[in-house]
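# Here's a sequence, model it:
(one chain, ligands or ions: 2)
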Amino acid sequence: MSTKPVSAAMTRPWPSPLNMTVSIDAFVQAAFKNLDGNGDGVVGRTEVLAKLGPAAKMPLLTFMVGQVVKSLDTSGDGLVSKAELTAFLNRADANQDGSLSAGEIYAAGVGLVGVIAMIGPQPPGG
Ligand SMILES: [Ca+2]
Ligand SMILES: [Ca+2]
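Ligands and ions are numbered 1, 2, ... in the order given. Reported below is the predicted structural model:
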């Protein structure tokens, strides 16, 4: 009998989407730290795609990023501000406790799952 050790490469800085509970504030901070490449406090589609590297060449992914940005961008300037992301996450926070459970994330739909999927796989040192 042999058991395979779990590779360290399999671990992620974010918990598994299936059992995660995320503080909205921490999520917004992490999202902007990770995605706001030019540090101007707003995140656009090109900044998100730049973070995705070679995967950004996939048309479906490019489309999804555009849809997510569009759904978050309530002011219509093509950029997502911290306030816009916070407002979106607050809407998903069904019990208004300031954090999101897996159930709340699931209920909020594909847009939020897409955001979390993008933010989740942070490259080491990135
Ligand atoms: Ca920016
Ligand atoms: Ca905006």
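# what about M58, how many neighbours?
By the criterion of other CB atoms under 10 Å, M58 has 11 neighbours. (Each C-beta comes from the backbone N, C-alpha and C, glycine too.)
# Please determine how far it is located from ligand 1.
22 Å (CB to the ion, to the nearest Å).
# next one: A83
Distance from A83 to ligand 1, by CB to the ion: 14 Å.
# which residues are contacting whichever strand or helix holds that residue?
If you go by DSSP states H and E, A83 is part of helix 82-92. The contact list for helix 82-92 (CB atoms under 8 Å, 6 or more residues apart in numbering) reads 24-25, 27-28, 31-32, 41, 71-75, 96, 100, 104-105, 107-108, 111-112, 115.
# Let's see which of those end up in helices.
24-25, 27-28, 31-32, 71-72, 104-105, 107-108, 111-112, 115 (DSSP state H).
# Of those, which pair is most distant in space?
F32 and A107 (24.1 Å; CB to CB).
# still on that earlier bit, out of the contacts of helix 82-92, who's near ligand 2?
Near ligand 2, judged by CB under 5 Å from the ion, the entries from the contacts of helix 82-92 are 73, 75.
# Narrow the contacts of helix 82-92 to those that are buried.
Buried by 16 or more other CB atoms under 10 Å: 24, 27-28, 31-32, 71-73, 100, 104-105, 108, 111-112, 115, out of the contacts of helix 82-92.
# any idea which of those is least confident?
For the buried ones among the contacts of helix 82-92, the model is least confident at G111; its pLDDT is 63.
# so what's the residue lying closest to D73 once chain neighbours are set aside up against?
Once flanking residues are discounted, D73 sits nearest to V80: 5.5 Å by CB to CB, 6 or more residues apart in numbering. By CB under 8 Å, 6+ apart, V80 lies in contact with 42-44, 69, 72-73.
# Turn the residues you listed into CSV, columns for distance to T62.
CSV is the format used below for the contacts of V80 (distance: CB to CB, whole Å):
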residue, distance to T62
V42, 19
V43, 16
G44, 13
V69, 11
L72, 16
D73, 16
